[in-house]
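Chemist: next comes the sequence, and after it the predicted model I'd like to discuss.
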Amino acid sequence: VMASQRKFLCPLLFSNELPELPFDPKLLEYPFDSERHYVYRPTTLEKEEKQIMLNEPNLGIPISIIDPLAYYCSLEQKETGLDPADLALFNEHDREDREEEEDESLVSWIVKPEYMTADFREETLYGAPRHWSQPSTQFRDESMLLGTDRDVHIEAIEQTFRDAQDTPVHPHNPDLKPVEVIELLPGEELWGQQFNHIVFEQDPSPPKDYFDTEQVSAEDLCLWSLITPVSVDDQDLAVFICPKLNEEEFQDIDIFQDLEPEDRAYSAVREYTFTIAEDNRNVFITMGDDGKATYNYAPTRMVLKKRLKKRGEWFYPKITKLREIQPSDEDEAMLRNERRRILPRQLVDEPEDVDMDSDLDSEPDDEQEELAKAHSSIFGEIDDSDEDSED
């Protein structure tokens with residue numbers, strides 16, 4: 001007997017779908033931080049996407065859909081306050097000792113993708129961020145705002161002298177008070193010298209196997225090191241040479257200092273490529289033994305970047321002997337007078353043993369009077385009685 005095939009006479013469709021919303025979706029207020037459970041920063045495309053706003057049309061029919069009795073609070077309930085368990089729910093997101101990890105937990109499925117472009121990488125220059133290496137343009141912008149009116153510039157200069165009489169205030173922390181205010185004047189002794197500001201890409205000290213750390217420090221070697229220019233294949237380079245401490249003769253930097261310049265031995269450590277820029281605002285301050293602060297200019301700024309040598313390239317000897325060449329009196333006097341022309345001649349004591357030409361040693365009377373006026377405006381009048389008493 002063959003079994004008869006059975007079928008459902010009425011097939012049923014089983015489903016568990018949510019019913020459709022009987023109203024249009026509206027914008028509800030979300031009182032919490034949108035990134036309290038995850039950290040996601042939308043892209044520019046997502047920010048520029050315009051969302052469709054569904055506003056409820058105003059029909060002019062006042063309909064009260066909230067029962068005010070459900071939110072009624074009696075006087076006894078106001079005095080009692082909320083239950084501590086309910087109050088903790090309100091204060092959970094407002095307390096200060098809350099851990100930030102709870103809100104900023106990272107999840108793998110909602111991480112922003114990383115693009116391999118230069119837009120997301122901070123531009124660097126010689127090992128320093130770009131905003132550190134750029135010079136400040138605050139003073140330049142302020143001078144441009146003053147315009148070309150002479151009286152406005154004079155008033156701005158006089159205002160700086162009036163501001164100097166006030167107590168200095170820290171620009172970021174007004175609670176900090178100055179312990180001592182030191183007057184800052186031009187450096188009289190070093191004003192005629194020419195200084196360069198040298199910036200290294202990394203620590204210029206020689207490697208540890210170059211010297212004995214127990215006998216000499218890396219700071220002493222750097223202080224007595226020299227930078228000499230060389231030219232290789234029409235390329236200007238700078239070679240950093242350090243004192244060569246011979247183990248058989250001496251191993252102390254003090255002995256090296258007492259040697260004559262012709263007897264000192266140096267060894268080249270590394271080569272640098274350099275860029276030179278002129279910056280007339282570069283100023284350095286020195287403190288003397290008498291507690292006075294003076295400033296001088298270092299208008300030339302040289303940035304040294306380590307150069308990678310090619311295989312088998314060698315263009316300087318391991319041990320180098322240096323010979324000191326003294327400049328002629330005329331060249332040295334001309335260079336010194338060019339830089340000291342800003343300051344009055346009374347501030348600079350010329351050496352007596354140097355015999356210079358009459359055109360370098362003498363100045364016109366009109367120029368001496370102008371320099372004397374500049375001296376009196378900066379440093380005050382010179383009292384001859386004080387000079388006689390010191391003698």
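Modeler: Sure, I can see it. It should be emphasised that the depicted structure is a prediction, and the values quoted were computed from it without experimental measurement.
Chemist: quick one: low-confidence ranges for the stretch 251-391 of the chain?
Modeler: Scanning the stretch 251-391 of the chain for pLDDT under 70 picks out 251-252, 312-329, 331-332, 335-336, 338-391.
Chemist: if you set the cut-off to 50 instead, what comes out?
Modeler: Counting by pLDDT under 50, the ranges of the stretch 251-391 of the chain that qualify are 345-364, 378-380, 384-391.
Chemist: next: the stretch 101-250 of the chain.
Modeler: In the stretch 101-250 of the chain, residues with pLDDT under 50: 101, 118-141.
Chemist: mind checking the longest strand of this structure?
Modeler: Looking across the chain with DSSP state E, the single longest strand is strand 265-278.
Chemist: tell me which residues of it are tucked away?
Modeler: Across strand 265-278, burial judged by 16 or more other C-beta atoms under 10 Å covers Ala265, Tyr266, Ser267, Ala268, Val269, Arg270, Glu271, Tyr272, Phe274. Yep, even glycine has a C-beta here, placed from its N, CA and C like the rest.
Chemist: from the residues you listed, which is closest to Ile182?
Modeler: Proximity of the buried residues of strand 265-278 to Ile182 (C-beta to C-beta) peaks at Phe274, which lies at 34.5 Å.
Chemist: OK, contacts around the closest one?
Modeler: By C-beta atoms under 8 Å, 6 or more residues apart in numbering, Phe274 lies in contact with Asp236, Leu237, Ala238, Met302, Val303, Leu304, Lys305.
Chemist: in TSV: these, plus distance to Glu20 and neighbour count.
Modeler: Listed next are the contacts of Phe274 as TSV, based on distance: C-beta to C-beta, whole Å; neighbours: other C-beta atoms under 10 Å:
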residue	distance to Glu20	neighbour count
Asp236	79	11
Leu237	78	18
Ala238	78	18
Met302	75	17
Val303	69	20
Leu304	73	22
Lys305	69	16
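Chemist: and which of those is nearest Thr43?
Modeler: Lys305 (36.4 Å).
Chemist: can you tell me the SS state at Ala70?
Modeler: Look at Ala70: counting by DSSP: H, G, I helix; E, B strand; the rest coil, its state is helix.
Chemist: how many neighbours does it have?
Modeler: Summarising burial for Ala70: neighbours were counted as other C-beta atoms under 10 Å, giving 6.
Chemist: check what pLDDT it gets.
Modeler: pLDDT recorded at Ala70 is 77.
Chemist: could you measure from it over to Ile253?
Modeler: Distance, Ala70 to Ile253, using C-beta to C-beta, to the nearest Å: 88 Å.
Chemist: then Leu54?
Modeler: Per C-beta to C-beta, Leu54 is found 81 Å from Ile253.
Chemist: the strands in the stretch 201-350 of the chain, which residues?
Modeler: Remark: strands assigned in the stretch 201-350 of the chain by DSSP state E, counting those that start in this stretch are 226-232, 235-243, 265-278, 283-287, 293-297, 300-306, 319-321.
Chemist: out of those strands, which is closest to Asn196?
Modeler: From the strands of the stretch 201-350 of the chain, taking C-beta to C-beta, the stretch that ends up closest is strand 300-306, at 4.5 Å.
Chemist: helices or strands up against that closest one?
Modeler: Here strand 300-306 touches strand 196-200, strand 235-243, strand 265-278, going by 3 or more C-beta pairs under 8 Å, 6 or more residues apart in numbering; DSSP states H and E.
Chemist: what angle sits between that strand and strand 196-200?
Modeler: 20 degrees (axes from the mean of the first three to the mean of the last three C-alpha atoms, to 10 degrees).
Chemist: quick check: domain ranges of this protein?
Modeler: Under the assignment automatic domain parsing, the domains of the chain span 138-186, 189-325, 327-373.
Chemist: partners of the longest strand of the chain, with directions?
Modeler: Pairing partners of strand 265-278, with direction, according to DSSP bridges: strand 235-243 (antiparallel), strand 300-306 (antiparallel), strand 319-321 (antiparallel).
Chemist: any idea which of these gets closest to Ile198?
Modeler: Comparison of those against Ile198 by C-beta to C-beta identifies strand 300-306 as nearest, at 5.0 Å.
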